[in-house]
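Peer 1: Structure, please.
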Amino acid sequence: MAKGLTSILIVDDEEEMCRIISHIFEKEGINVMIANDGYTALQIVHSEPPDILLVDVRMPGMDGMEVLRETKKIHRDIPVIMITAHAEACGAVNALREGAVDYIAKPFNNRELVKIVREVLAKKNPSGMGRGSSSRMKKVGFLEEMMGSSDAVCRIVSQVECVADSNFTVVIAGESGTGKELVSRAIHEASPRSKAPFVPVDCGAIPETLLESELFGYEKGAFTGASLRKHGKIEAVQGGTLFLDEISNMPLGSQAKLLRVLQEKKIYRVGGLNPVDVDVRLIVATNRDLEELTTSGTFREDLFFRLNEFTIRIPPLRERKEDIPYLAKRFVDITNRELNKKVNGFSESALEALYECNWPGNVRQLRSTIRRAVLLADEVIGERHLDLHRVPVPGLAFCPKVLGTPWMGLSLKEIVHSSTIAVEREILVEALKLTGGNKAKAARMLQIDYKTIHTKLKQLGISRNGGEII
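Peer 2: Residues are numbered from 1 along each chain as shown. Next up, the predicted model:
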């Protein structure tokens, strides 16, 4: 091994996989060692300890879990990353429990693999391999620590890195509980404004009559009770970042004033005549489709176009379930420390329940569920501790039937295809009936966008009241 070079030991019985991974890290300037079985890997760990191990879980003879355990006996401080299959959620959690620092699921993205290894090495040796500057990695890297390392999270991190240095206004779109404020803070921390304030404002939590004075401030005597001049949030965040959560709840009058602030870089306090110069970066979040709201007239189109310089969409947890084992373990660890307990992971049935749940409350709901489970469990969290119930979509109390019985010579593929169309049609009709023909509400109920439901209704010949188009 070349002296002074960072080294990685790849342990995998598939020679082609070893060759691919080796090529990836050689390009990164890392010395690569290869072992095609667990026994050879442990000999290398004894004689020439690497800086990091990358171990496949499934191998004949000595499997990856045993390699992990034996490595920890020889050199406890060597970080081990496990390679798992997507379906091996239980194996992933067990690996973390046994001391692995992280895991990556096959098929993996090369960039994601390099990112994980870089971050592990950076934590072990801050002067070693790192992604960009160490300060930037710390500022953006905490997103993976908080959210997971799925492809979806990696894309979000890339977008944050891309937009952070600019002064662009950013729209962060996603359901409640997905981590919109977390992403906005990451943008601020990685930006040149990081030493100035970051101020969040929930537009839905402040009464309409108070929102403007909260944002713009007011002059003494502006209204009854205004005995002193008060600086608003925009003025207070001078040089920093203002985060407006649930911007769709902002009244139209306040939207017009916000647009003027963005265009002129000046504010007028309530009751004031003199403009105040402001230097503020704006990040907004929404759990609704702003473009759709402009169509219905509840959100100003000119403000939408001014805000929409850069958009980051955060997928719901049900669309990135590969992050669930990591997040669940993280919440277990946090709650263990809080409650001074030693709950040690999940039963297989509990893990299956976590995967099967749709998580309408997203990460926020997962956190609450895990906290309660740790409180109730003694050693291992079982399914009974999770208290997860399948909640049917409100109002969709019908049972779509398989179309075409008896099937009269149709193939399985043809039966499934025709039945799927019939079920989809029945659901759309029922949703429109429940919403009184409001396509926007039906789209939100079914968790699809407005354009999708409009297209499907047209394709299936369904009118807005749920009847047939003739």
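Peer 1: and the longest helix seen in the chain, what other elements does it pack with?
Peer 2: Determined from DSSP state H, the single longest helix within the chain is helix 412-434. In terms of contacts (3 or more C-beta pairs under 8 Å, 6 or more residues apart in numbering; DSSP states H and E), helix 412-434 is packed against helix 439-446, helix 450-460. No exception for glycine: its C-beta is placed from N, CA and C like everyone else's.
Peer 1: closest one to Leu375 among those?
Peer 2: helix 439-446 (33.3 Å; C-beta to C-beta).
Peer 1: Which parts of the stretch 101-250 of the chain are strands?
Peer 2: Counting by DSSP state E, counting those that start in this stretch, one finds strands in the stretch 101-250 of the chain at the ranges 102-106, 170-173, 198-202, 217-218, 230-231, 241-245.
Peer 1: Serialize those to CSV and add fields for distance to Thr286, mean pLDDT and mean neighbour count.
Peer 2: Below are the strands of the stretch 101-250 of the chain laid out as CSV (distance: least, C-beta to C-beta, whole Å; pLDDT from 0 to 100; neighbours: other C-beta atoms under 10 Å):
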stretch, distance to Thr286, mean pLDDT, mean neighbour count
strand 102-106, 31, 80, 19
strand 170-173, 6, 96, 23
strand 198-202, 12, 92, 17
strand 217-218, 25, 88, 22
strand 230-231, 26, 84, 16
strand 241-245, 9, 95, 24
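Peer 1: for Ile52, phi and psi?
Peer 2: Per-residue torsions, Ile52: phi -160, psi 150 (degrees, to the nearest 10).
Peer 1: Which strand residues bridge it?
Peer 2: Here Ile52 sits in beta bridges with Ile8, going by DSSP bridges.
Peer 1: Give me the neighbour count for it.
Peer 2: Using other C-beta atoms under 10 Å, Ile52 has 22 neighbouring residues.
Peer 1: Would you agree it is in contact with Ala122?
Peer 2: No. Look at Ile52 against Ala122 with C-beta atoms under 8 Å: they stay out of range, at 11.1 Å.
Peer 1: Indicate which one of the strands of the stretch 101-250 of the chain is closest to Arg313.
Peer 2: strand 170-173 (4.9 Å).
Peer 1: now what about the closest one, what contacts it?
Peer 2: 163, 180, 183-184, 187, 282-287, 289-290, 307-314 (C-beta atoms under 8 Å, 6 or more residues apart in numbering).
Peer 1: so where do the strands sit in the stretch 301-450 of the chain?
Peer 2: Under DSSP E, counting those that start in this stretch, the stretch 301-450 of the chain gives strands at 310-313.
Peer 1: mind listing the helices for it?
Peer 2: 301-307, 324-339, 348-356, 362-376, 383-386, 412-434, 439-446, 450-460 (DSSP state H, counting those that start in this stretch).
Peer 1: Adding mean neighbour count and distance to Glu70, write these out as TSV.
Peer 2: Shown next, in TSV, are those (neighbours: other C-beta atoms under 10 Å; distance: least, C-beta to C-beta, whole Å):
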stretch	mean neighbour count	distance to Glu70
helix 301-307	16	55
helix 324-339	18	22
helix 348-356	17	24
helix 362-376	19	30
helix 383-386	18	32
helix 412-434	16	48
helix 439-446	19	50
helix 450-460	15	51
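Peer 1: that older thread, and the longest helix of the chain, what's its mean pLDDT?
Peer 2: Mean pLDDT, helix 412-434: 79.
Peer 1: Could you tell me the angle between that helix and helix 439-446?
Peer 2: Helix 412-434 and helix 439-446 are oriented at 120 degrees to each other (axes from the mean of the first three to the mean of the last three C-alpha atoms, to 10 degrees).
Peer 1: sorry, back to before: so which of the strands of the stretch 101-250 of the chain comes closest to Pro79?
Peer 2: strand 102-106 (8.2 Å).
Peer 1: Pairing partners for the closest one, with directions?
Peer 2: When DSSP bridges is applied, strand 102-106 pairs with strand 80-85 (parallel).
Peer 1: picking up where we left off before, mind checking the strands of the stretch 101-250 of the chain for the one nearest to Asp333?
Peer 2: strand 102-106 (14.0 Å).
Peer 1: tell me the contacts of the nearest residue to Asn249 once chain neighbours are set aside?
Peer 2: Once flanking residues are discounted, Asn249 sits nearest to Gly204: 3.9 Å by C-beta to C-beta, 6 or more residues apart in numbering. By C-beta under 8 Å, 6+ apart, the contact set of Gly204 is 245-246, 249.
Peer 1: what does Leu327 give?
Peer 2: Contacts of Leu327 (C-beta under 8 Å, 6+ apart): 147-148, 363, 366-367.
Peer 1: any chance of the residues you listed in CSV, with pLDDT and distance to Arg425 too?
Peer 2: CSV is the format used below for these (pLDDT from 0 to 100; distance: C-beta to C-beta, whole Å):
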residue, pLDDT, distance to Arg425
Met147, 89, 37
Gly148, 85, 36
Val363, 94, 33
Leu366, 95, 33
Arg367, 94, 38
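Peer 1: how about the residues you listed, which pair is most distant?
Peer 2: Gly148 and Arg367 (12.9 Å).
Peer 1: how far away is the closest residue to Val171 other than its chain neighbours from Leu96?
Peer 2: Leaving aside its sequence neighbours, Val171 sits nearest to Thr311 (C-beta to C-beta, 6+ apart; 4.6 Å). Thr311 sits 33 Å away from Leu96, going by C-beta to C-beta, to the nearest Å.
Peer 1: again, but for Lys106
Peer 2: For Lys106 relative to Leu96 (C-beta to C-beta), the value is 17 Å.
Peer 1: for Arg300, same thing?
Peer 2: 47 Å.
Peer 1: Double-check Asp449 against Ala440; I have them as touching.
Peer 2: No. If you go by C-beta under 8 Å, Asp449 and Ala440 don't touch, sitting 9.9 Å apart.
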